[in-house]
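J.: Build the 3D model from these lines:
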Amino acid sequence: MTVRRDVHEELRARLHEAAGGHEPDRENILARVERGMAGPAASAHRATRPPVFGWMRVAGATAAVAGVLAVGGYAVASAVKDETAPRQQEVATSPTPTPSPEATSRAPVPPVDPTPTSSPERRESAAPPSGKPSAPVTARPPAATEDGPLWSDGSVDPHSNDFWAQSNITIKTREELTALTVRLSVAQTGGVSDAGAWRSLPENDFTLTVGERDGALVYTWTLKEGRKVPAGEWVFAGQFDHDRGGRDAGKDRYTVTAAAGSDRLSVDGGFAAVDNEGDEDDAGGDS
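T.: Okay, here's the model as predicted:
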């Protein structure tokens, strides 16, 4: 491409130089025309044709010479014009896009401000808007509680499955108990029904009642009058069926009231899930 461009530029330069130095010799051209007309053929024609045709030949030759000069000058002028005129550049333009109906009917979307209006610490400590009190948060009661020599813990038995569950209440006492009442309340989460109960103390020492109360299945063990519970660790368990699937024991509760001599003792709490290895999960509640 560079070699071709150099040849074109050199040709234009030479034409431009030739056009500037060319001066047509009109007199010499006319003299050559007259000499041609003065030959023998011209004499014979003058004898048989009117003089007017001779002048027409002169005029025609003159016009031809003028035409040659005009064409030559036009060619030189074109070459010079191509050299001096700036080259036009073609610019590709894309068609004007047609706006879609959605573009004209949607409201402009505000830009997302990457700068937070307040720090996380400030948002957490900010008070709720006026007129919109925050919802109260019900805390899950602890599974294990203690009152003097009496300690208790509630847990979901690890052998519970998708259709059946067992809730265990474990009590520990460092003193002999002369009165004891253990109550287990299983929330009615769907299909909850009695499937049995047991305790690690002698069966004949307790009275067991099972019934529905306030939307829950309630098991109650009551120590018979004149019987005693020796110091140690004891378990009370309620068994029940429920709808298929994992059951949430978050609303289940237990209460234990007892007497050790003249002391009146009371403990209560909720239920935590227990894994298969027997370790309690403090965040549990699913059976």
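
J.: What is the burial count for E27?
T.: By other CB atoms under 10 Å, 8 other residues sit near E27. Glycine gets a C-beta too; all of them are placed from N, C-alpha and C.

J.: Tell me if I am right that T181 is in a strand.
T.: Yes - membership of T181 in a strand is supported by DSSP: H, G, I helix; E, B strand; the rest coil.

J.: wait, it sits on R264?
T.: No - when contacts are counted by CB atoms under 8 Å, T181 is not listed as touching R264 (11.5 Å).

J.: So the two - more neighbours on which side?
T.: More neighbours surround T181 than the other of T181 and R264, with 16 against 12 (other CB under 10 Å).

J.: gap between that one and L11?
T.: Per CB to CB, to the nearest Å, T181 is found 122 Å from L11.

J.: just R264 next, same as before
T.: For R264, the distance to L11 (CB to CB) stands at 124 Å.

J.: shared neighbours, T181 and R264?
T.: Each of T257, A258 lies in contact with both T181 and R264 under the rule CB atoms under 8 Å, 6 or more residues apart in numbering.

J.: ok, now which ones touch A165?
T.: Going by CB under 8 Å, 6+ apart, A165 touches V156, D157, Q239, F240, H242, R247, A249, S287.

J.: need those in CSV with neighbour count and secondary structure, can you?
T.: Shown next, in CSV, are the contacts of A165 (neighbours: other CB atoms under 10 Å; DSSP: H, G, I helix; E, B strand; the rest coil):
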residue, neighbour count, secondary structure
V156, 24, strand
D157, 18, coil
Q239, 17, strand
F240, 23, strand
H242, 23, coil
R247, 26, coil
A249, 24, coil
S287, 26, coil
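
J.: Can you tell me which one of the residues you listed sits lowest on pLDDT?
T.: Among these, S287 carries the lowest pLDDT, at 41.

J.: Any regions of the stretch 1-150 of the chain where pLDDT drops low?
T.: 1-5, 7, 19-24, 38-141 (pLDDT under 70).

J.: rerun that using 80 as the cut-off
T.: Filtered on pLDDT under 80, the stretch 1-150 of the chain yields the residue ranges 1-8, 10-12, 14-143.

J.: Next, the residue nearest to G191 when sequence neighbours are not counted: phi, psi?
T.: Leaving aside its chain neighbours, G191 sits nearest to D243 (3.8 Å; criterion: CB to CB, 6 or more residues apart in numbering). For D243, the backbone dihedrals (degrees, to the nearest 10) come out as phi -60, psi 160.

J.: please begin residue numbering at 517 from this point
T.: All right, first residue 517 from here; so that's D759.

J.: So which residues of this structure form helices?
T.: 518-537, 542-553, 556-564, 568-600, 617-621, 636-641 (DSSP state H).

J.: hang on, the earlier thing: let me have the contacts of A681 in a markdown table, adding distance to L531 as columns.
T.: Output for these, formatted as a markdown table (distance: CB to CB, whole Å):
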| residue | distance to L531 |
| --- | --- |
| V672 | 106 |
| D673 | 110 |
| Q755 | 115 |
| F756 | 113 |
| H758 | 107 |
| R763 | 103 |
| A765 | 105 |
| S803 | 104 |
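
J.: now, among the residues you listed, which is nearest to P718?
T.: The nearest member of those to P718, counting by CB to CB, is Q755 at 19.1 Å.

J.: I figured that closest one was touching S709, is that so?
T.: No - between Q755 and S709 there is no contact under CB under 8 Å: 10.2 Å.
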